[in-house]
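Asker: how would this look folded up:
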Amino acid sequence: MRRGFVLALMAFVSAPLNAQVPDFKAFDAWVAKGVKDWEVPGLAVAVVKGDSLVFAKGYGVRELGKTDPVDIRTRFSIGSTTKAMTALSVLMLQDEGKLKLDDPVLRFLPDLQLYDPVMTRELTVRDLLTHHTGLPGSDLLWSGGDYSTTEVIRRMRWLKPSASFRNEYNYQNVQYAMAGEVIRAASGMPWEQFIEQRIFGPLGMRNSVPVLSRTIGQPNVATPHMRIGDTVRVIVNRSVDPVAAAGSVWSSVEDMSRWMRFVLDSGRSGGRRLVSAERFVDWLSPQVVVPQSQFYPTATLTRPHQVNYGLGWFLQDYRGMSVAMHTGSIDGLVAIIGLVPDQRLGVYVLANLDHAEVRHAIMHRVFDMYAGGALRDWSADFLALYGGFEKAGKAAVAADKARRVAGTKPSLAPGQYVGTYADSLYGSVQVTEQGGRLRVTFGKGFTGLLDHWHYETFSVTWDDRRAGEDRVVFAIDASGRPASVQLLGTTFHAVPQKNR
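Answerer: Numbers count the residues shown, from 1 in each chain. Down below sits the predicted model:
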């Protein structure tokens, strides 16, 4: 059978006569058009029904400018769809009596310290998986800084809560990294080894690897792309390995179809149960209410009545069906999984363009195909929706530029801004002088030359073009020296220097 050919054509011989029979030929053409309309270099889709893979196909290329095609075995980052694997690992360990969801995290990570001592003491393993501790996101620690997993977790002691403990949903990746370390402590093996031995192995996911570093030099790996300006360009992978348990797995739609069939068979593979029925129920049970304002923008059109977070899953309703789903997004690569457990129906999409939201369209199209009735063109509708967001974003940029005050000058000569500025949580920023211009450096991901904007505000276009443009704002103290610099949403305070 030639590569990329549509697999399957329907294991529905024993289905009731009135069952909806999807037209996969039409679906294939519709997906191909969506890939073109969204300008996605490469994408792969898998659909499962019952215990069968009923559709699987790759579209486009692994990298622009090259001819290597995407097929069903092409590996992409699966991003935060990894989280369900981490949660499952925790539940497996509970089955073995090595931990409980409501055990204090301190039992496994005795050196853990958070900003709030009550939270430190009361934080449970369940809390790590449900995004409701009251801690805001802190992705700059791993996406910008150059820290190990241990150091990322150690620095969380300086992250101030944005809400009281267990009182507000806030998506938090570092807490999943903590869950990975709990798995290490409880099982005696690193998270990466655990999911390889306990998940990938039993499910036959031979094409999956737990971290980006394991894809280097391997064949059939997708390259990330991002729209920079008006052009889709190849970009360099951003590693999630410092918070691996939050989203570092690389896999293919063929392997993820095995994962979907495992979930849809209530945690069984080949008749063997990998997690108890009781723990499986916990896995897909609502834990925290997700405000619609913090759910996917596509919900403005799909209109779920309620959204919750389980243990590594978003749980929502759609057309009267209960859906478990999650996306994965890391620079230039996206994923989505959507499951209707009551119908044993699942869809998985991988693509190599940053925030290619055609993924949501494909998921809902599959659901509609099995629900029956008229098929809505979700790809066109979501393209219009996100086009509106893009237009609003451009208007906001124009409004920001219009507020620029012309004719102003910075208070100090360039050399007087030079120095080290520090923040307890994120570390240090270096400001240097280069050819009469200032250069700012933060961690491994953010370096760039500054241009005066107005007053003490400078504009920076990051060397890594995917990071875009930002404002850098200095504050001058009463002595006429820089007291701090604000960038990337954080204030870094000047470190005293000799002879300054």
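
Asker: From here on, just use CA atoms for contacts and neighbour counts.
Answerer: OK.

Asker: which one's the longest helix in the chain?
Answerer: helix 378-402 (DSSP state H).

Asker: centre of the chain versus whichever helix or strand comes after it, how much separation?
Answerer: Where DSSP states H and E defines the elements, the next helix or strand beyond helix 378-402 is helix 414-417. Chain-centre distance of helix 414-417: 38 Å, with CA atoms, centre = their mean, to the nearest Å.

Asker: Run through who's touching helix 414-417.
Answerer: By CA atoms under 8 Å, 6 or more residues apart in numbering, the surrounding residues in contact with helix 414-417 are Val431, Thr432, Glu433, Gly436, Arg437, Leu438, Arg481, Pro482.

Asker: thinking again about what came up before, and the longest helix of the chain, what's buried?
Answerer: Within helix 378-402, the residues that count as buried by 16 or more other CA atoms under 10 Å are Trp378, Ser379, Phe382, Leu383.

Asker: Check the gap between Tyr257 and Asp342 for me.
Answerer: Small correction: residue 257 is Ser, not Tyr. Separation of Ser257 from Asp342 (CA to CA, to the nearest Å) stands at 17 Å.

Asker: okay, these two: which has more neighbours?
Answerer: More crowded of Ser257 and Asp342, by other CA atoms under 10 Å: Ser257, with 28 against 10.

Asker: need the contact list for that one.
Answerer: So Ser257 contacts Ala46, Val47, Val48, Leu53, Val347, Tyr348 (CA under 8 Å, 6+ apart).

Asker: Just to be sure, it is in a helix?
Answerer: Yes: Ser257 sits within a helix when classified using DSSP: H, G, I helix; E, B strand; the rest coil.

Asker: rewinding a little: now tabulate the buried residues of helix 378-402 in TSV and tack on pLDDT and distance to Arg319.
Answerer: Listed next are the buried residues of helix 378-402 as TSV, based on pLDDT from 0 to 100; distance: CA to CA, whole Å:
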residue	pLDDT	distance to Arg319
Trp378	98	14
Ser379	97	18
Phe382	97	18
Leu383	97	21
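
Asker: Buried members of the contacts of helix 414-417 into ChimeraX, please.
Answerer: To isolate the buried ones among the contacts of helix 414-417 in ChimeraX, judged by 16+ other CA under 10 Å, type:
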select :431,432,433,438,481,482
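
Asker: Out of the contacts of helix 414-417, show me where the pLDDT dips lowest.
Answerer: By pLDDT, Gly436 ranks lowest within the contacts of helix 414-417, coming in at 89.

Asker: How about it: what's its closest non-neighbour residue?
Answerer: Excluding its sequence neighbours, the residue lying closest to Gly436 (CA to CA, 6 or more residues apart in numbering) is Pro414, at 6.8 Å.

Asker: try Arg157
Answerer: Leu114 is the one closest to Arg157 (CA to CA, 6+ apart), at 3.9 Å.

Asker: quick one: the one you found and Leu159 touch, right?
Answerer: Yes: counting by CA atoms under 8 Å, Leu114 sits close enough to Leu159 to count as a contact (7.4 Å).

Asker: and those two? which has more neighbours close in?
Answerer: The neighbour count for Leu114 versus Leu159, taken as other CA under 10 Å, is higher for Leu114 (21 against 17).

Asker: And the more buried one, which helix or strand is it part of?
Answerer: Applying DSSP H and E, one finds Leu114 in no helix or strand.

Asker: Number of residues surrounding Arg261?
Answerer: Residues lying near Arg261 (other CA under 10 Å) number 26.

Asker: Spell out, range by range, the strands that occur in the stretch 401-500 of the chain.
Answerer: Counting by DSSP state E, counting those that start in this stretch, the stretch 401-500 of the chain has strands at residues 419-423, 427-434, 437-442, 446-454, 457-461, 469-476, 482-487, 490-494.

Asker: and the angle for the third one with strand 427-434?
Answerer: The directions of strand 437-442 and strand 427-434 differ by 160 degrees, with axes from the mean of the first three to the mean of the last three CA atoms, to 10 degrees as the criterion.

Asker: any residues touching strand 437-442, and which ones?
Answerer: Strand 437-442 is touched from outside by 144-145, 414-415, 417-418, 428-433, 446-451, with contacts defined as CA under 8 Å, 6+ apart.

Asker: Return a PyMOL selection command for the buried portion of these.
Answerer: To isolate the buried subset of these in PyMOL, counting by 16+ other CA under 10 Å, use the following:
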select buried, resi 144+145+414+417+418+428+429+430+431+432+433+446+447+448+449+450+451
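
Asker: As a check, name the ranges of all strands in the stretch 201-350 of the chain.
Answerer: According to DSSP E, counting those that start in this stretch, the strands that the stretch 201-350 of the chain contains are 225-228, 231-234, 250-251, 268-269, 272-273, 288-289, 307-309, 314-318, 321-330, 333-340, 345-351.

Asker: try the stretch 1-150 of the chain
Answerer: Per DSSP E, counting those that start in this stretch, the stretch 1-150 of the chain carries strands over the ranges 42-49, 52-60, 76-77.

Asker: deepest of the ones you listed, which one?
Answerer: Of all those, strand 76-77 has the most neighbours on average by mean count of other CA atoms under 10 Å, namely a mean of 32.

Asker: Return the distance of it from the chain's centre.
Answerer: So, by CA atoms, centre = their mean, the centroid of strand 76-77 is 11 Å from its chain's centroid.

Asker: Give the partner strands of that strand in its sheet and their orientations.
Answerer: Paired neighbours of strand 76-77 in the sheet (DSSP bridges): strand 250-251 (antiparallel).

Asker: So which residues make contact with the partner strand?
Answerer: With contact meaning CA under 8 Å, 6+ apart, strand 250-251 is reached by 74-79, 207-212, 215.

Asker: quick one: pLDDT of Phe5?
Answerer: Phe5 is given a pLDDT of 33.

Asker: Is Gly144 in contact with Ser428, as I believe?
Answerer: No: using CA under 8 Å, Gly144 is not in contact with Ser428; the gap is 11.1 Å.

Asker: hey, what's in contact with both of those two?
Answerer: Here Gly144 and Ser428 have Phe442, Gly443 as joint contacts, going by CA under 8 Å, 6+ apart.

Asker: re the thing from before, let me see the contact set for the residue nearest to Arg157.
Answerer: Contact analysis of Leu114 by CA under 8 Å, 6+ apart lists Thr120, Met156, Arg157, Trp158, Leu159.

Asker: Of those residues, grab the buried ones for ChimeraX.
Answerer: For the buried members of the contacts of Leu114, the matching ChimeraX selection, counting by 16+ other CA under 10 Å, is:
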select :120,156,157,159
